[in-house]
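# Let me see the structure of the following:
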Amino acid sequence: METIILLAIAVSLAYGVGCMGRKRKIGFGLAFVISLFNVFIGLIAVLCSKKNENKESNEKEG
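Coordinates of the predicted model:
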């Protein structure tokens, strides 16, 4: 039972890091996969990647 709870927490944290990667060059998918292996490494990869400077994505947000 504890294993299932820890797995759910790990996937939830990886999803959160993946969501942070959406607006960056790394993207959601790669950030999510890296975070599944290690959340801290995924977070560092997301924070080190450059932000997208796409006009279309900025227009959709606001």
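# ok, and the closest non-adjacent residue to S49?
Using CB to CB, 6 or more residues apart in numbering and skipping residues adjacent in sequence, the residue nearest S49 is I26, 4.1 Å away. All C-beta atoms are positioned from the backbone trio N, CA, C, and that covers glycine.
# Would you map the helices across the protein?
Along the chain, counting by DSSP state H, helices occupy 2-21, 27-37, 39-48, 55-61.
# will you turn those helices into JSON lines that also has mean pLDDT and mean neighbour count?
Shown next, in JSON lines, are these (pLDDT from 0 to 100; neighbours: other CB atoms under 10 Å):
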{"stretch": "helix 2-21", "mean pLDDT": "94", "mean neighbour count": "14"}
{"stretch": "helix 27-37", "mean pLDDT": "94", "mean neighbour count": "17"}
{"stretch": "helix 39-48", "mean pLDDT": "94", "mean neighbour count": "16"}
{"stretch": "helix 55-61", "mean pLDDT": "59", "mean neighbour count": "8"}
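# rewinding a little: for the residue nearest to S49, phi and psi?
In terms of degrees, to the nearest 10, the main-chain angles of I26 are phi -70, psi -30.
# what's the neighbour count on it?
Other residues within reach of I26, judged by other CB atoms under 10 Å, total 23.
# measure it to I5 for me?
Plainly put, I26 is 28 Å away from I5 if you go by CB to CB, to the nearest Å.
# Now do the contacts for L13.
By CB atoms under 8 Å, 6 or more residues apart in numbering, L13 lies in contact with S35, V39.
# Quickly note the distance from the most centrally placed residue in the chain to M1.
Central residue of the chain (CA atoms, centre = their mean): G18, 1.7 Å from the mean position. Relative to M1, G18 is positioned 26 Å away (CB to CB).
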